[in-house]
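Asker: Provided below are the primary sequence and the corresponding predicted coordinates.
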Amino acid sequence: MSLGSTQREFSRQVAELIEFIYKSGYECTLGDAYRDPRVFGEMGDKNSIIGKENSYPAYGRAKSAHKQRLAIDLNLFKDGVYLSTTEAHRPFGLWWKSRHPDNVCGGDFDDGNHYSRKYGGIA
């Protein structure tokens, strides 16, 4: 499957995940999705214009599914309260992984709000 086809399928599944979150009585907001190489560096680079200008450390990983448009971070809420723990995302991460064998959730590496699709060895 091409990168473009994978991106389109990923987008559709993210919409289904968001719908599942709401049907489960939770809410969410969108966090990081695409990480533009002009800011975060090309694939393989851990770079950040923000980091250089403001003395902040570089953000993210050198090889990230966000750079392939195959990852999104979702901020989870229940009754208006932000749920920041990986554990709070567990039921949604398990659901996400059940949808496709290449789907990955941040619960696998203590980044609970991360949902991505493996492609080219990158998750």
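Answerer: Ah, there it is. Numbering: from 1, shown residues only.
Asker: need the next SSE after the helix or strand harbouring F10, C-terminal direction.
Answerer: Per DSSP states H and E, F10 falls inside helix 3-23. Counting by DSSP H and E, the element after helix 3-23 in chain order, helix or strand, is strand 27-30.
Asker: and the contacts of that next one?
Answerer: I18, I21, Y22, I72, D73, L74, N75, L76, F77, K78 (CB atoms under 8 Å, 6 or more residues apart in numbering). For glycine as for every other residue, the C-beta is placed from the backbone atoms N, C-alpha and C.
Asker: didn't R99 look like it was pressed against R12?
Answerer: No: contact criterion CB atoms under 8 Å: R99 and R12 do not qualify, at 10.1 Å.
Asker: between the two, point out the one with more neighbours.
Answerer: R99 (14 against 10; other CB atoms under 10 Å).
Asker: just list the residues touching the more buried one, thanks.
Answerer: R99 neighbours (CB under 8 Å, 6+ apart): Q13, E16, L17.
Asker: 6 Å instead?
Answerer: Taking CB atoms under 6 Å, 6 or more residues apart in numbering, we find R99 in contact with Q13.
Asker: so where's the chain shaky on pLDDT?
Answerer: Counting by pLDDT under 70, the chain contains low-confidence residues at 35-63.
Asker: how distant is the longest strand along it from the center of its chain?
Answerer: Identified as the longest strand of the chain according to DSSP state E is strand 71-78. Relative to its chain's centre, strand 71-78 lies at 8 Å (CA atoms, centre = their mean, to the nearest Å).
Asker: what does stretch 23-39 give?
Answerer: 7 Å.
Asker: again, but for stretch 8-24
Answerer: 12 Å.
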